[in-house]
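K.L.:
whatever this is, show me its structure:
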Amino acid sequence: MGEIGRLLEEGGYLAIDQPEQGTWSSGQARLFEDSYGVVGVVVYDTWEALTHTWETAQSELVELISRHFSKGEPKAWDGYLVLLTPSPVGDNSAVDKIRYDTTRVRKIVATGEELMQLSDLGSVLAPLLPLQPDLIEKDNGDVLAKLPAILSEQGIPEEATRVLVDAYANQESLMKRIDAYRGKNEAH
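P.N.:
Numbering: from 1, shown residues only. Presented below is the predicted three-dimensional model:
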């Protein structure tokens, strides 16, 4: 929990005092907020505990958000529930089912497979943290210029992609340029 708090606080979040009732008063749960949203983090000892009680944690987070923010405030609509367990799962479909359920709040789920080391928490929490400009490759060049080579690795002719990239860059009709490319190649 200490590392989670450190990462979120360095990312601009503030720890919220624990409410008096429910999951959020336990030592394995914490709340954070920034100017845009609320994040509830719950750490479970086992995968079984997570699967049996994550819905309760979700309900309590939604209740806390509803109690402290009016519907018009951005934070009322931007809630995240981070569910963590060091326990391995094996069956990722169960993890994905929770992860892709966005009916009340968005979920970030990480299990023993993703949490091999303490440093893995940074990757898990990355969707909540600001981008790190110093981590972005300084000389990444023009992304569009790299696209033909990347797509050629997938079997798409590099010249065809280059024709489209050039047309896009020159604000020309993509269809006209690709038709001209096809006509030229069919003539050969």
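K.L.:
show me which residues of stretch 155-166 are buried.
P.N.:
Within stretch 155-166, the residues that qualify as buried are A160, T161, R162, V163, L164, V165, counting by 16 or more other Cβ atoms under 10 Å. C-beta coordinates here come from the backbone N, C-alpha and C atoms, glycine included.
K.L.:
distance check, the closest residue to the last one other than its chain neighbours against R162.
P.N.:
When the adjacent residues along the chain are set aside, V165 lies closest to L144, with 5.1 Å between them (Cβ to Cβ, 6 or more residues apart in numbering). If you measure L144 against R162 using Cβ to Cβ, to the nearest Å, the figure is 10 Å.
K.L.:
what's the answer for Y44, then?
P.N.:
Distance from Y44 to R162, by Cβ to Cβ: 51 Å.
K.L.:
in the helix ranked longest in the chain, what counts as buried?
P.N.:
Criterion DSSP state H: the longest helix present in the chain is helix 47-68. Within helix 47-68, the residues scored as buried using 16+ other Cβ under 10 Å are W47, L50, T51, W54, A57, Q58, E60, L61, V62, L64, I65.
K.L.:
do you know how far the third one is from V109?
P.N.:
Translated: T51. T51 is 10 Å from V109, where distance means Cβ to Cβ.
K.L.:
now the second one
P.N.:
Using Cβ to Cβ, we find L50 at a distance of 8 Å from V109.
K.L.:
what's the pLDDT at the most centrally placed residue in the chain?
P.N.:
A centroid search over the chain (Cα atoms, centre = their mean) returns P127, at 3.7 Å, as the residue closest to the centre. What the model reports for P127 is a pLDDT of 90.
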